[in-house]
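Colleague: Show me how the following folds:
(one chain, ligands or ions: 2)
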Amino acid sequence: MRNGDHPPVLHTLNEDPLIPLNRIHILLCSTAIATVLHRRLFSLFSSPTPISSSLLLLSDLLLAFMWAVTQAFRWRPVRRREHLETLALAVPDHRLPNLDVFICTADPYKEPPISVSSAALSVLAFDYPTDKLSVFVSDDGCSDLTLFAFMEAARFARHWLPFCKEMRVLERCPEVFFQSSHDPRSHEIKLLYQRMKEKIESVMEKGQVGDDLLISEEDHAVFNKWKSFTCSNHPPVIQVLLESSRDMDIMGNPLPNLVYLSREKSSTSFHHFKAGALNALLRVSGVMSNAPIILTMDCDMHCNDPVAPRRAMCYFLDPELSPNLAYVQFPQRFPGVNKNDIYGGEIMRLYQINPRGMDGLKGPNYVGTGCFHSRHSFYRSPSSSPSLLCDLNEQTSDTPFSSEAILRKAHEVASCQYENGTKWGSTIGMRYGSLSEDYHTGYRLHCEGWESVFCDPERPAFFCNIPITLNDVLSQNKRWCLGVLEVFLSKHSPITFGVKKVSFLMGLCYSYDGFWTSWCIPILVYGLLPQLALTYQIPLFPKGSDPWFYLHAYLFLSAYCQDLIDFLASKGTFQRWWSDQRMWLIRGITSYLFGGAQFALKQIGIPAPGFNVTSKVMPDEVTRRYEAGMFEFGIVSPFFVSLGTVAMVNLFSFIIGMANAARKEGGFDEMFVQLFLSAFVVVNSWPIYEAMFLRKDGGRMPRRVTTMSILLAGILYSIAYFLFSE
Ligand SMILES: O=c1ccn([C@@H]2O[C@H](COP(=O)(O)OP(=O)(O)O[C@H]3O[C@H](CO)[C@@H](O)[C@H](O)[C@H]3O)[C@@H](O)[C@H]2O)c(=O)[nH]1
Ligand SMILES: [Mn+2]
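Modeller: Ligands and ions are numbered 1, 2, ... in the order given. Alright, predicted model coming up:
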């Protein structure tokens, strides 16, 4: 770095122009909310239907709480820009810090090795000095098929890296590049790629690596060992596939390091899922390359911009920011969502809108992938850390990775027993104790005084896959919901501990994510209670002509409009916003409800399922339906029964309510809010009715689910009869 009074400006920050408006809105809205709550509370005592009034009060309190914590995200949203030209002038390539990349995979059948190795190739081909780059792959499935795919990828890298450099390729994930490139100059390398792909796919089909495919004695020895392994019981496996000091590409330039790791597993010790895998990677890489900067990636994503690491360095190399900087988070982007993003797969709020809000405070939460970390942050608090900047030029040892001493040490730290009696998972490394290890770890780092940065360049840096069936989406969301609740209800809860330890507003932000499950109560209550009451002609809200009505209308409209504005400001479309709000309702009565229930069961000793890896492969038929924008049901799932029941209740109530209102003078006015609510749910439930009664394809709602939903709806009407018949 240049010495002088003015350090080079590597990045800049702008506050969101909407901030003043947001703050005025906070003032107006909180007054309206307080008034509604006050009225609800005082009418409770004179209410003819005390049970429903209490349920509505509880829902409104929860809605008010969630609304209040959300304002923390709106307090100071910012946008940052990196200045790569300045970086290039200020820091020559040979002074860039070393970089370790971690890629996790867990199951060759759910995560096809060809796409996992393609993801790895996209980072091996980073525009970054190759001798400073090491890629470590963790295979929790301990699959010889995955290892084989990586051996092939290592061979292909010798051609791919110089090709990308020479042709200045921007899309460096070969799988994606060859789908779109028709440049005749890429013909030859495309053939090489296809040959590799066929080899890997044939191995997958056979389910084993045939002897004829192995070239050297050494390879034979490696795969022979495998015969006695199972994925839950095996010793550590570490294979150095590329070594920078030894392996050259076809042009004679050094290649990056590439290491395969499958940490030891034993049925007698708990492995902590992805968090455990990342901690093993932290230690093994610590023994080998020990780079000061680490990029964590899932195997279902790839890099779309080769200069992404340089962007992250704009922050890590800023002397003012760097002492407290734990990580630089890039957003996850999902090019595979269908036109209207029917399952809200972009999760705009989680991945784009909210991180910008946190970035103006102490920094975004960690989302598990596409994130550059400082290695120090996993071991110490910022006050006890040596400056990263002094560390960057310190060369790590030159001992080759494959030397006996290094490999021995690496095997030792990848064993099951290694963490026993240490602070791994509590104050060192990825934090254990939550299925959402990313949320938990980022939060705890913030508690220790670390900060983070949100880096969201024009060209998306990382592209990720998304689940494309409704059941997969909801299961994934249920896992997240359970994971964050484990943190929210722990002794380190953001609402009690975080608000003091990090900052008041940051504590609120983390509480919003941590308490997702609470949405299930207002969504269930507002999705059922007014509708059931409507059938029995019991009014629960002010009449349409009552001035109080306007207060409710204002709150509803302003919440929805503000959400829409946030969405459009992040380059979303109206239709995608509609899908997003519908998914929020759907999650409320499925993922959040079941996640919360599972947490409760866990407290009384009934174990919850672990980290169920999302499948990244789907039958063609399912993919086709997804692309056509059709909801995928097809299986008997408790989620669908819950959805079906609410959809049925709303349909019946709307029809009966309309008939009643038409018969009675002033009927519409009296029941306006309840009629509107059921109409709103009916419109949102359209894909469910379609799947129940109109569709014939494999993705339609199974008969059994429809029958159960109608039965349950009947039971609810009977309960409501007693509730409302005084
Ligand atoms: O025992 C396990 C389970 C999973 N994984 C890996 O973890 C990653 C994420 O798994 P996935 O099934 O794709 O889950 P998602 O719900 O899509 O992941 C999101 O949510 C996780 C937390 O629940 C975060 O860790 C991820 O970064 C985030 O993308 C994948 O690379 C897996 O291979 C392991 O390494 N070991
Ligand atoms: Mn994933």
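
Colleague: Shouldn't residue 335 be within a strand?
Modeller: No: counting by DSSP: H, G, I helix; E, B strand; the rest coil, residue 335 is not part of a strand but coil.

Colleague: Helices of the stretch 351-500 of the chain, start to end?
Modeller: 354-359, 388-392, 404-413, 437-447, 470-488, 499-501 (DSSP state H, counting those that start in this stretch).

Colleague: The stretch 601-726 of the chain now?
Modeller: Counting by DSSP H, counting those that start in this stretch, the helices of the stretch 601-726 of the chain are 620-627, 638-663, 667-670, 672-684, 686-689, 703-724.

Colleague: can I get the ones you listed in TSV with mean pLDDT and distance to residue 448?
Modeller: For glycine as for every other residue, the C-beta is placed from the backbone atoms N, C-alpha and C. Formatted as TSV, these follow (pLDDT from 0 to 100; distance: least, Cβ to Cβ, whole Å):
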stretch	mean pLDDT	distance to residue 448
helix 620-627	96	42
helix 638-663	97	37
helix 667-670	94	57
helix 672-684	97	42
helix 686-689	98	45
helix 703-724	96	47
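
Colleague: Same list (those) but as JSON lines, adding mean neighbour count.
Modeller: JSON lines is the format used below for the helices of the stretch 601-726 of the chain (neighbours: other Cβ atoms under 10 Å):
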{"stretch": "helix 620-627", "mean neighbour count": "16"}
{"stretch": "helix 638-663", "mean neighbour count": "21"}
{"stretch": "helix 667-670", "mean neighbour count": "17"}
{"stretch": "helix 672-684", "mean neighbour count": "20"}
{"stretch": "helix 686-689", "mean neighbour count": "18"}
{"stretch": "helix 703-724", "mean neighbour count": "16"}
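
Colleague: Would you tell me which of those helices gets closest to residue 490?
Modeller: helix 638-663 (26.6 Å; Cβ to Cβ).

Colleague: Which strands or helices does the closest one pack on?
Modeller: With contacts taken as 3 or more Cβ pairs under 8 Å, 6 or more residues apart in numbering; DSSP states H and E, helix 638-663 sits against helix 470-488, helix 520-535, helix 574-589, helix 591-603, helix 667-670, helix 672-684, helix 686-689, helix 703-724.

Colleague: ok so, going back, for the helices of the stretch 601-726 of the chain, give me CSV that also has distance to residue 425.
Modeller: Formatted as CSV, the helices of the stretch 601-726 of the chain follow (distance: least, Cβ to Cβ, whole Å):
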stretch, distance to residue 425
helix 620-627, 37
helix 638-663, 31
helix 667-670, 58
helix 672-684, 41
helix 686-689, 42
helix 703-724, 40
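
Colleague: Minimum distance to residue 562: which of the ones you listed has it?
Modeller: Evaluated with Cβ to Cβ, the helices of the stretch 601-726 of the chain place helix 672-684 nearest to residue 562, the distance being 17.6 Å.

Colleague: Give me the helices and strands touching the closest one, please.
Modeller: Against helix 672-684 (3+ Cβ pairs under 8 Å, 6+ apart) you get helix 520-535, helix 547-569, helix 574-589, helix 638-663.

Colleague: just so I know, which of those lies nearest ligand 1?
Modeller: helix 574-589 (13.8 Å; Cβ to the nearest ligand atom).

Colleague: rewinding a little: so which of the helices of the stretch 601-726 of the chain comes closest to residue 47?
Modeller: helix 703-724 (12.2 Å).

Colleague: which SS class is residue 102?
Modeller: strand.

Colleague: ok, residue 543 to residue 549 distance?
Modeller: To residue 549, residue 543 is 6 Å away according to Cβ to Cβ, to the nearest Å.

Colleague: hang on, I meant residue 406
Modeller: 73 Å.

Colleague: cool, residue 251 as well?
Modeller: Between residue 251 and residue 549 the distance is 74 Å, computed by Cβ to Cβ.

Colleague: what does residue 10 give?
Modeller: Applying Cβ to Cβ to residue 10 and residue 549 gives a distance of 54 Å.

Colleague: Hmm, residue 121 is touching residue 155, no?
Modeller: No: Residue 121 is not in contact with residue 155 according to Cβ atoms under 8 Å; the separation is 11.1 Å.

Colleague: packing partners for the helix or strand where residue 287 lies?
Modeller: Element membership for residue 287 (DSSP states H and E) is helix 273-288. If contacts are counted by 3+ Cβ pairs under 8 Å, 6+ apart, helix 273-288 sits against strand 99-105, strand 133-139, strand 257-262, strand 293-298, helix 404-413, helix 437-447.

Colleague: Of these, which is nearest residue 514?
Modeller: Across those, residue 514 has its closest neighbour in helix 437-447 (7.5 Å, Cβ to Cβ).

Colleague: Give me the distance from the closest one to the chain's centre.
Modeller: Distance of helix 437-447 from its chain centroid, counting by Cα atoms, centre = their mean, to the nearest Å, is 14 Å.

Colleague: CSV please, covering the helices and strands packed on helix 273-288 and showing mean neighbour count, mean pLDDT and distance to residue 606.
Modeller: Shown next, in CSV, are the helices and strands packed on helix 273-288 (neighbours: other Cβ atoms under 10 Å; pLDDT from 0 to 100; distance: least, Cβ to Cβ, whole Å):
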stretch, mean neighbour count, mean pLDDT, distance to residue 606
strand 99-105, 26, 98, 28
strand 133-139, 27, 98, 30
strand 257-262, 27, 98, 31
strand 293-298, 25, 98, 29
helix 404-413, 15, 96, 35
helix 437-447, 26, 98, 22
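
Colleague: Can you classify residue 46 by secondary structure?
Modeller: Taking three-state DSSP as the rule, one finds residue 46 in the coil state.

Colleague: Now do the same for stretch 581-596: mean pLDDT, whole number.
Modeller: When pLDDT is averaged along stretch 581-596, the result is 97.

Colleague: what about it, start to end distance?
Modeller: Start to finish, the residues bounding stretch 581-596 are 20 Å apart (Cα to Cα, to the nearest Å).

Colleague: Could you list the buried residues of that stretch?
Modeller: Residues 581-596 are the ones in stretch 581-596 that count as buried (16 or more other Cβ atoms under 10 Å).

Colleague: can you check stretch 261-269 too?
Modeller: 261, 262, 263, 264, 265.

Colleague: With distance to residue 669 as new columns, can those be given to me in CSV?
Modeller: Formatted as CSV, the buried residues of stretch 261-269 follow (distance: Cβ to Cβ, whole Å):
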residue, distance to residue 669
261, 68
262, 68
263, 67
264, 70
265, 66
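
Colleague: part of a strand, is residue 511?
Modeller: No: assessed with three-state DSSP, residue 511 is helix; it does not lie in a strand.

Colleague: pLDDT value on it, please?
Modeller: pLDDT for residue 511: 98.

Colleague: Show me which residues of this protein are close to ligand 1?
Modeller: Within reach of ligand 1 by Cβ under 6 Å from any ligand atom, the chain has these residues: 104-106, 111, 138, 140, 273-274, 277, 298-300, 368-369, 435-438, 476, 479-480, 483, 611, 613-614.
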